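*Asks:* Below are the sequence and a predicted model; questions follow.
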Amino acid sequence: MEYDVVIIGAGPAGCATAIHCRSQGLRTLIVSSKKTPVEKEAVLPSESIHPGVATLLQQLDASHCIGIASRGTYQGIESNGQRNAFGEDENGPWEGHHINRAMFDAGLLEVAKKKGTVWAEETVVDIITNVGQVATVITKQGQHFSCKYIIDAGGMQSIASKKAGFKKVFYSPPLFTWTGVAIGNLNRRSAGNFTQFIPHKNGWTWLAPESNGRCTWTRLETKGDQLFTPPEALKNHEQIGNIKKTNRRWQVSRPACKEQIILCGDAAGVIDPAAGQGILNALLSGIMAATAAYSCISKPDFEAFYLAKYDDWFFSRYSENVEKLKQFYNQHSIKIFE
């Protein structure tokens with residue numbers, strides 16, 4: 001079967017792309033090696049999501065995904081003794097959530113499948129493009145999936161970007177995060193439903209207390225020894241599960257798309273978690289990538305225009321986030337660029 005769109009990756013960006021593609025009537029396939037279902041009580045670090053995520057999920061008919069994945073809420077961020085709330089409206093304070101990412105992703109994938117997306121649990125090893133003809137996604141298991149457009153939402157290791165010769169432009173030195181989970185009485189420094197951002201010269205620490213008595217912590221460093229240990233505030237607490245290390249160097253693909261290929265989420269651009277908008281950007285870029293693919297397929301004479309429009313949108317938004325995060329780091333005397 002030939003699809004209109006084959007999506008690589010079943011994370012928030014890939015699922016948002018699939019759901020929006022289906023809303024526009026496109027024949028859609030997700031190819032991902034991600035396992036499902038997942039255990040709700042798995043010992044995994046939480047991820048913190050911005051309140052704006054709720055609005056995007058509503059557009060995708062996936063509002064319930066927050067509820068099934070939430071491990072606690074927070075109304076803002078405390079740093080250097082000061083609290084910055086997200087805001088409020090007639091319904092009360094805006095809240096972010098600490099979520100079980102695996103449960104969140106599984107919920108989104110179920111929405112995509114209910115909308116008519118086909119899912120293949122396979123590993124992509126190659127792609128073939130030929131402008132004016134069909135594109136092909138090839139899996140490790142020997143499957144060949146034909147389509148009009150490939151949308152790569154597979155994260156930093158984007159196979160489409162590599163195969164198509166896209167270039168990465170770096171905006172920071174190498175940055176490393178390591179994340180773990182602590183349990184016990186956390187002796188929070190202040191009352192109220194706030195996370196803690198603790199800056200220091202070469203990075204920062206993030207503490208995200210959960211309603212179940214756990215606390216996910218994340219540390220970022222750029223210089224010196226990378227010590228995969230809990231932060232000072234949690235050094236005497238029991239640590240559970242494995243400590244996860246990731247490379248979060250700021251980087252963006254140039255371009256973010258070309259004929260038959262569109263990148264979204266971390267496949268298109270990466271910035272470190274201090275920006276606080278990772279899942280928000282993944283969902284939004286997935287929606288925009290789906291819109292671009294639909295426009296290119298339905299109006300092929302204007303393909304170059306729609307691709308340029310998406311590329312400009314993604315790069316402009318990425319550049320804006322880079323500048324905002326640089327200013328934030330300067331305000332907190334974090335010297336990662338020296």
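*Replies:* Right, received. Where do you want to start?
*Asks:* so how many other residues sit close to Tyr241?
*Replies:* For residue 241 the amino acid is Gly, not Tyr. 16 (other Cβ atoms under 10 Å). C-beta here means a position set from N, CA and C on the backbone, and glycine is covered the same way.
*Asks:* Surely it and Ile183 touch.
*Replies:* No - Gly241 is not in contact with Ile183 according to Cβ atoms under 8 Å; the separation is 10.0 Å.
*Asks:* Could you look up the SS state of Ser172?
*Replies:* Following DSSP: H, G, I helix; E, B strand; the rest coil, we place Ser172 in the coil state.
*Asks:* what's the pLDDT at the nearest residue to it once chain neighbours are set aside?
*Replies:* Among residues not flanking Ser172 along the chain, Trp250 sits closest, at 3.8 Å (Cβ to Cβ, 6 or more residues apart in numbering). Listed pLDDT for Trp250 reads 96.
*Asks:* Check Gly213 too.
*Replies:* Looking at Gly213, its pLDDT stands at 81.
*Asks:* Now do the residue nearest to Ser172 against Met156, distance only.
*Replies:* For Trp250, the distance to Met156 equals 11 Å [Cβ to Cβ, to the nearest Å].
*Asks:* Looking at those two, which is more packed in?
*Replies:* Legend: neighbour count by other Cβ under 10 Å for Trp250 and Met156, higher for Trp250 (22 against 16).
*Asks:* Need the residues touching each of Trp250 and Met156.
*Replies:* Taking Cβ atoms under 8 Å, 6 or more residues apart in numbering as the contact criterion, the common neighbours of Trp250 and Met156 are Val270.
*Asks:* Could you pull up the residues touching Glu122?
*Replies:* Going by Cβ under 8 Å, 6+ apart, the list of residues near Glu122 reads Val31, Ser32, Ser33, Thr139, Lys140, Gln141, Gln143.
*Asks:* Which residue in those has the weakest pLDDT?
*Replies:* When the contacts of Glu122 are compared by pLDDT, Ser33 scores lowest at 86.
*Asks:* right, and it touches Thr123 too?
*Replies:* Yes - because the distance of 4.5 Å satisfies Cβ under 8 Å, Ser33 is recorded as touching Thr123.
*Asks:* ok, back up a step: closest to Cys15 among the contacts of Glu122?
*Replies:* Closest approach to Cys15 among those (Cβ to Cβ): Ser32, at 9.5 Å.
*Asks:* Which residue is the nearest non-sequential neighbour of the closest one?
*Replies:* Nearest non-adjacent residue to Ser32, counting by Cβ to Cβ, 6+ apart: Ala10, 3.6 Å away.
*Asks:* which ones are touching Cys257?
*Replies:* Contact analysis of Cys257 by Cβ under 8 Å, 6+ apart lists Leu263, Ala289, Ala292, Leu307, Tyr310, Asp311, Phe314.
*Asks:* 7 Å instead, please
*Replies:* Residues in contact with Cys257, defined by Cβ atoms under 7 Å, 6 or more residues apart in numbering, are Leu263, Ala292, Leu307, Tyr310, Asp311.
*Asks:* three-state assignment of the last one?
*Replies:* Asp311 falls in the helix class when you classify it by three-state DSSP.
*Asks:* Neighbours of it, how many?
*Replies:* Neighbours of Asp311 under the rule other Cβ under 10 Å: 20.
*Asks:* wait, it sits on Ala256?
*Replies:* Yes - applying Cβ atoms under 7 Å, one finds Asp311 in contact with Ala256, separated by 4.9 Å.
*Asks:* pLDDT score assigned to the residue nearest to Ser32?
*Replies:* With respect to pLDDT, Ala10 has a value of 96.
*Asks:* For it, give me its contacts.
*Replies:* Residues in contact with Ala10 (Cβ under 7 Å, 6+ apart) are Ile30, Ser32, Lys34, Asp105, Leu109.
*Asks:* how much space is there between the last one and Thr123?
*Replies:* In this structure, Leu109 and Thr123 are 16 Å apart, going by Cβ to Cβ.
*Asks:* higher neighbour count, those two?
*Replies:* Leu109 (25 against 13).
*Asks:* what's the strand or helix carrying that one packed up against?
*Replies:* In this assignment (DSSP states H and E), Leu109 forms part of helix 101-114. Contacts defined by 3 or more Cβ pairs under 7 Å, 6 or more residues apart in numbering; DSSP states H and E place helix 101-114 against helix 12-23, helix 64-69.
*Asks:* Quick check: next helix or strand after that helix?
*Replies:* Using DSSP H and E, the helix or strand that follows helix 101-114 in sequence is strand 118-120.
*Asks:* Which other helices and strands does that following strand contact?
*Replies:* Strand 118-120 is packed against strand 28-31, with contacts defined by 3+ Cβ pairs under 7 Å, 6+ apart.
*Asks:* quick one: average pLDDT of the helix or strand following the strand it packs on?
*Replies:* Downstream of strand 28-31, the first helix or strand assigned by DSSP H and E is strand 47-49. Throughout strand 47-49, pLDDT has a mean value of 91.
*Asks:* so how far is strand 47-49 off the chain centroid?
*Replies:* 10 Å (Cα atoms, centre = their mean, to the nearest Å).
*Asks:* Check what contacts that strand and list those residues.
*Replies:* If you take Cβ under 7 Å, 6+ apart as the criterion, strand 47-49 is touched by Gly96, His97, His98, Ile99, Arg101, Thr195, Ala208, Ile279.
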